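**Student:** The following block contains a protein sequence and its predicted model.
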Amino acid sequence: MGKSITLHSRTCVSEAMETQVPGVVFTKPSGDPCPLKKHRFSEDPKPNLFDSLSEELLFLILDHLDSNDLDKKSFSLVCRSFYGAESRHRRTLRPLRLDLMPAVLSRYLSISHIDLSCRHRVSDGVLAWIAIAVGPSLLSIDLSRSRSFSHFGLGSLAAGCLSLVEINLSNTNDLSDASAAAIGRLRNLEKLWLANCKLLTDMGIGCIAVGCRKLKLLSLKFCLGLTDLGIGLVAVKCREIRNLDLSHTTVTNKCLPAIIQLPYLEKLSLVNCHYLEKEGLLTLKLGSKSLEVLDINCPYVGDDALSSIVKGAVNLRQLILAHCVPVTDRLANSLHRLAKLETMKLECCHMTTPGLLALGSSCNSLKELSLVKCFGVTDEGLSFVVSKNKGLTKLDITCCRTITDISIASITSSCTSLMSLRMESCILVSKHAFRMIGEHCPLLEELDLTDNHLDNQGLKSISNCRKLLILKIGLCMNVNDEGIIQIGRGCPMLQELDLYRSIGLTDAGVIAIGQGCPMLQTINLSYCTEITDNALRSLSKCPKLNTLELRGCFRVSNYGLVAIALGCKEIVKLDIKKCYDITDVGMVPLAHLCSRLRQINLSYTSVSDIGLLALASISCLRSMTILHLSELTPNGLATALLTFGGSKKVKLNLSFKSLLSQKLITHLEERGCIFQWMDRAFKAEVDDNEVWKKRSQDLVTVV
């Protein structure tokens, strides 16, 4: 028989413990579950049943809470044994307040990954504390977008964190050669991101190349201070590199031979390397037997050079070309050597019909094909390509504005295994074509039909795709409640729904989604001006909802927002811009119940100082947009900003800049907050719904 244990914990912990563990049955207590008072453990003369739980069992429970920091915090507050187990189990740390780092690090001694990204003020002292406290166990640290540390702090990491294998320093704009020299002392480093470190020169990258011989991934994207000398030294010294990103650098033809001779190179990115010339790229025809992914964007290179490159890399699995010369039959014919090619992405390339026909003849094993914004894609060419690649699972034909129903018929009849189809703004495809999608592509998980002539009959057919997870039908003027109700009934696994400016949508359609799609995580209802609080009450039945966009839904009020706060405690992003009837009354329950909220847009609402101060209690809140709040005062704003502990980005009207103390602004910036001052005059909401309705009528007439 299984052992029965009563769990005295908070609700989220007890729910987590309901997971099936062989031999143990957890039951909920009847009394007050919390044995902690003010973070201190009370003395209990009775034997503590929790002490009988093994650490292995506690770790198993914590594994189920790994994606939720607040639940893990609640778990740790149950009793001493849980507190200790949580501290020993944790491997990843994302601190909200750097001033508490010494205390936090003294508790968590087994940390292997620390995320300090977007902590804009990371001092040398913080890095020194990390090196002292968790140096031997630390494997990875993310310092992207951070600043204020110098080569002294990085030197502390190099001296104390001998096992460090990953470090991300992207967008640390003041990274110097001295800092690079400190990084060069990390002998075991395998992955290094230096994107947008524009002060880095050949001297600094040379120190890294000489010291970090085990590098397997190196990103030098937008490192404009580097030349062929430094990049060439990397190719000579770091022979184990698998992934090299040189996009947006000044690399020229000189160092390409050394790069292509890297024996284990698997992925090479050369996006917008404007100093590369045809002669240099021709050296790539010598080939790299290990190269599997090539991402190249060189608009001035001819198809002969691209053909030579393709011929050399016979083991390519992914080929990404953007803004390149016309894809001709010569280039497409060269692809027949690539027997392993599964993914081909062409963006903003000029296609020719002979090129598409040759592409279909040369590539018969594609799993993913992207023709985003490619000019010259015709029904004849696209139909031939899909007929030769019946195993396609992902197809992106966004903004292919010349294809018609003929292409859709070919796609749906040939590629019945499609899992993702993106075809935004395919304006010549009629409403009748969309019915074929639901009839012939039952495995679809992602479907983007934004800005098309989709109608309710098309949606009724698409509702047969019961595995659908993502559906985007914004700006589809012929859709209304009738079609949305069919989606609610037929797509129970739906997680993301975009209904932007669906002017025919009312509460009835949203209620059908709320009732039929319990897994819903993201919904965009912006400018769906007919919906009311009843729609939000229905969505409150979707407990996994984390992103809600209600911009311009002026019929929504506090009642609907309170319903969302009560039912959707996972909310991370909320946009209620131009929801004029939302006031402080809606902010208070939101602040108390939605503790995971990270981003909110309150612009043009009726929220005042009180509501903003209530939101300040949300420790996870990082980004706020608070433009044109007529009830907001400078004193109230100042108080709220001081109370916000973790805010990193605040968008305000420029008029407030002169009304706030400069010392206050400086203090908040030193704490890591970035202000965006918007000089935008108040713009009263114009009911432009009539414009969209007129457009809808015009589209119906055309179709």
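**Tutor:** Looks like it arrived, so ask away.
**Student:** List the beta-bridge partners for M678.
**Tutor:** Counting by DSSP bridges, M678 is bridged to N653.
**Student:** Identify the residues contacting it.
**Tutor:** If you count contacts by Cβ atoms under 8 Å, 6 or more residues apart in numbering, M678 has them with L627, K651, L652, N653, L654. Every residue, glycine included, has its C-beta placed from N, CA and C.
**Student:** What is the nearest of these to G509?
**Tutor:** Minimum distance to G509 across these is 30.0 Å, recorded for L627 (Cβ to Cβ).
**Student:** neighbours around the closest residue to the closest one other than its chain neighbours, how many?
**Tutor:** Nearest residue to L627, sequence neighbours excluded (Cβ to Cβ, 6 or more residues apart in numbering): S603, at 4.0 Å. S603: 22 surrounding residues under other Cβ atoms under 10 Å.
**Student:** can you give me the helices in the stretch 251-400 of the chain?
**Tutor:** 256-260, 278-282, 303-312, 329-333, 353-362, 379-388 (DSSP state H, counting those that start in this stretch).
**Student:** Make a markdown table out of those and add mean pLDDT and mean neighbour count.
**Tutor:** Formatted as a markdown table, the helices of the stretch 251-400 of the chain follow (pLDDT from 0 to 100; neighbours: other Cβ atoms under 10 Å):
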| stretch | mean pLDDT | mean neighbour count |
| --- | --- | --- |
| helix 256-260 | 87 | 20 |
| helix 278-282 | 67 | 17 |
| helix 303-312 | 70 | 21 |
| helix 329-333 | 79 | 20 |
| helix 353-362 | 89 | 20 |
| helix 379-388 | 95 | 20 |
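**Student:** can I get those in TSV with distance to G488?
**Tutor:** Shown next, in TSV, are the helices of the stretch 251-400 of the chain (distance: least, Cβ to Cβ, whole Å):
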stretch	distance to G488
helix 256-260	53
helix 278-282	52
helix 303-312	47
helix 329-333	43
helix 353-362	39
helix 379-388	31
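**Student:** closest to I427 out of those?
**Tutor:** Checked against Cβ to Cβ, the stretch from those lying closest is helix 379-388, at 14.1 Å.
**Student:** circling back to that earlier point, are any of the contacts of M678 buried, and if so which?
**Tutor:** By neighbour count, with 16 or more other Cβ atoms under 10 Å, the contacts of M678 hold L627, K651, L652, N653 as buried.
**Student:** And the strands in the stretch 151-300 of the chain?
**Tutor:** 166-168, 191-193, 217-219, 243-245, 267-271, 293-297 (DSSP state E, counting those that start in this stretch).
**Student:** rounded to a whole number, what's the mean pLDDT of the fifth one?
**Tutor:** Going back to what we said before, that points to strand 267-271. In this model, strand 267-271 has an average pLDDT of 92.
**Student:** what comes into contact with that strand?
**Tutor:** Contacts of strand 267-271 (Cβ under 8 Å, 6+ apart): 221, 242-248, 251, 259, 276, 288, 291-298, 322.
**Student:** Just want the angle from it to strand 293-297.
**Tutor:** 10 degrees (axes from the mean of the first three to the mean of the last three Cα atoms, to 10 degrees).
**Student:** in its sheet, what does strand 267-271 sit against?
**Tutor:** Partners of strand 267-271 in its sheet, by DSSP bridges: strand 243-245 (parallel), strand 293-297 (parallel).
**Student:** want to throw those into TSV with mean neighbour count?
**Tutor:** What follows is these, written out as TSV (neighbours: other Cβ atoms under 10 Å):
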stretch	mean neighbour count
strand 243-245	21
strand 293-297	20
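**Student:** Mean pLDDT lowest where, among the ones you listed?
**Tutor:** Minimum mean pLDDT among these: strand 293-297, a mean of 88.
**Student:** Leaving out the residues flanking it, which one is nearest to C491?
**Tutor:** Nearest to C491 is L468, by Cβ to Cβ, 6+ apart, at 4.6 Å.
**Student:** what's the answer for D498, then?
**Tutor:** In space, and not counting its chain neighbours, D498 is closest to K472: 3.9 Å by Cβ to Cβ, 6+ apart.
**Student:** Give me the number of neighbouring residues for the one you found.
**Tutor:** 20.
**Student:** Correct me if wrong: it contacts D448.
**Tutor:** Yes: judged on Cβ atoms under 8 Å, K472 makes contact with D448 at a distance of 4.3 Å.
**Student:** Tell me the residues that contact both of the two, please.
**Tutor:** In contact with both K472 and D448: E424, using Cβ under 8 Å, 6+ apart.
**Student:** What are the buried residues along stretch 213-231?
**Tutor:** Neighbour counts over stretch 213-231 (16+ other Cβ under 10 Å) mark 214-223, 225-228, 230-231 as buried.
**Student:** Restricted to helices, list the residues you listed.
**Tutor:** D228, G230, I231 (DSSP state H).
**Student:** and R119, what pLDDT?
**Tutor:** Value for R119, per-residue pLDDT: 69.
**Student:** Equivalent analysis for D698, please.
**Tutor:** 52.
**Student:** what does L53 give?
**Tutor:** pLDDT, L53: 80.
**Student:** D32 too?
**Tutor:** 43.
**Student:** Wait, a strand at A508?
**Tutor:** No: assignment of A508 by DSSP: H, G, I helix; E, B strand; the rest coil gives helix, placing it outside any strand.
**Student:** burial measure for D69, as a count.
**Tutor:** Using other Cβ under 10 Å, D69 has 16 neighbouring residues.
**Student:** For R680, give its distance to T605.
**Tutor:** As judged by Cβ to Cβ, to the nearest Å, R680 and T605 stand 16 Å apart.
**Student:** cool, and R422?
**Tutor:** For R422, the distance to T605 - Cβ to Cβ - is 34 Å.
**Student:** Those two: which has the busier surroundings?
**Tutor:** Between R422 and T605, counted using other Cβ under 10 Å, T605 has the larger neighbour count: 24 against 20.
**Student:** Assign a three-state SS to that one, would you?
**Tutor:** coil.
**Student:** That one and M587 touch, don't they?
**Tutor:** No: using Cβ under 8 Å, T605 is not in contact with M587, being 9.2 Å away.
**Student:** Go ahead and report the secondary structure state at L590.
**Tutor:** helix.
**Student:** mind checking pLDDT for it?
**Tutor:** On the pLDDT scale, L590 is placed at 95.
**Student:** who touches it in this structure?
**Tutor:** L561, V562, I564, A565, L574, L597, A614, L615.
**Student:** before we move on, the earlier item: now the two most distant members of the buried ones among the contacts of M678.
**Tutor:** For the buried ones among the contacts of M678, and using Cβ to Cβ, no pair is farther apart than K651 and N653, which are 8.8 Å apart.
**Student:** what do these two both touch?
**Tutor:** With Cβ under 8 Å, 6+ apart as the test, K651 and N653 both reach L627, M678.
**Student:** Can you report how many residues lie near the closest residue to K657 other than its chain neighbours?
**Tutor:** Spatial nearest neighbour of K657, excluding adjacent residues (Cβ to Cβ, 6+ apart): W677 at 5.4 Å. By other Cβ under 10 Å, 14 other residues sit near W677.
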